[in-house]
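K.L.:
here are the coordinates; sequence isn't available:
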């Protein structure tokens, strides 16, 4: 167990280093921030002074080494546009993205797992067929179109929910969030549902497929033959084994929700990291772009690491493989 955790941590460090190189070079290839940030009417002397101040006069490898050295110490640089430390800007926007992603995740799990489980147990029932039809609709409609339909339906035609912004933000128990207020919940419900719809459809199908596959196995049939109550068979045998593939997909989708709500945040004017990333790319704010993409990579690596640990706790086959390998 310890050797497995240590091995995964070392792998994560290597992956982060490689990704940082790729991201830094990729952002450099997009274009020169000086062409956007420096006025075309500026004199050549002023232009050179601005380029030097931004650190763009150094070779690319030297810029990367400076970035890496500062990042190891927790300094991700200063935004070219906002003139503030990148870390403080990300921390200001991070709570909004976490709120939206976590609420969307809760909605997706609360709907998809029971619906997918029922559909897998009774695939030919009208409700089971309805679950599959709903999942197909959720996968087929683009995210930006879902958002616009929700805005038209519940923000304009039936103006029962506000559109845009986070609503009232308060602090309790040292946590500042809009989820402490009813006004905040009224603002987050519509974008969270829009963000959750695609994930909900995917998780329904994964849960349904896993449930149908496990229900056909001999140990499940044997449990029914012994007279074990249906609820006990579903919970202890079917659902427990269905969690193995579901956790893998759920971990990836959680990372997607927390990191890639770009379209939803843009459509609903949600002040999170996704909208900030779009604005940063428009003006080629290189430190902010690199920091946000690195944060996304770290998020995926951390969640995948947690998923591997959960696999060991749920699936005894993984433990036996690790013991033989040791």
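P.N.:
Okay, I see it. Please read these numbers as outputs of a predicted model, since none were measured by experiment.
K.L.:
C-alpha only now, for contacts and for neighbours.
P.N.:
Will do.
K.L.:
ok but residue 57 is inside a strand, no?
P.N.:
No: counting by DSSP: H, G, I helix; E, B strand; the rest coil, one finds residue 57 to be coil, located in no strand.
K.L.:
pLDDT wise, what is the nearest residue to it once chain neighbours are set aside at?
P.N.:
For residue 57, ignoring the flanking residues on the chain, the nearest one in space by CA to CA, 6 or more residues apart in numbering is residue 51 at 5.9 Å. On the pLDDT scale, residue 51 is placed at 77.
K.L.:
next one: residue 324
P.N.:
pLDDT at residue 324 comes out at 56.
K.L.:
what about the helices in the stretch 51-200 of the chain?
P.N.:
Assigned by DSSP state H, counting those that start in this stretch, the stretch 51-200 of the chain shows helices spanning 60-72, 86-121, 126-140, 143-150, 182-215.
K.L.:
which secondary structure elements does the helix or strand hosting residue 257 contact?
P.N.:
Residue 257 is located in helix 240-259, with elements delineated by DSSP states H and E. Helix 240-259 is packed against helix 86-121, helix 182-215, helix 286-314, with contacts defined by 3 or more CA pairs under 8 Å, 6 or more residues apart in numbering; DSSP states H and E.
K.L.:
what about the stretch 1-150 of the chain, any weak spots by pLDDT?
P.N.:
Counting by pLDDT under 70, the stretch 1-150 of the chain shows low-confidence ranges at 1-2, 4, 40.
K.L.:
correct me if wrong: residue 257 contacts residue 104.
P.N.:
Yes: counting by CA atoms under 8 Å, a contact exists between residue 257 and residue 104, whose distance comes to 7.4 Å.
K.L.:
overlap of the contact sets of the two?
P.N.:
Common neighbours of residue 257 and residue 104 (criterion: CA atoms under 8 Å, 6 or more residues apart in numbering): 195-196.
K.L.:
can you put the helices and strands packed on helix 240-259 in TSV and add distance to residue 137 and mean neighbour count?
P.N.:
As requested, the helices and strands packed on helix 240-259 are exported to TSV (distance: least, CA to CA, whole Å; neighbours: other CA atoms under 10 Å):
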stretch	distance to residue 137	mean neighbour count
helix 86-121	14	20
helix 182-215	8	23
helix 286-314	27	18
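K.L.:
could I get those helices as TSV with distance to residue 271?
P.N.:
Converted to TSV, these look like this (distance: least, CA to CA, whole Å):
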stretch	distance to residue 271
helix 86-121	6
helix 182-215	11
helix 286-314	14
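K.L.:
nearest to residue 266, of the ones you listed?
P.N.:
Proximity to residue 266 (CA to CA) singles out helix 182-215 among the helices and strands packed on helix 240-259, at 10.2 Å.
K.L.:
if anything else comes up later, I'll come back, but that's it for now.
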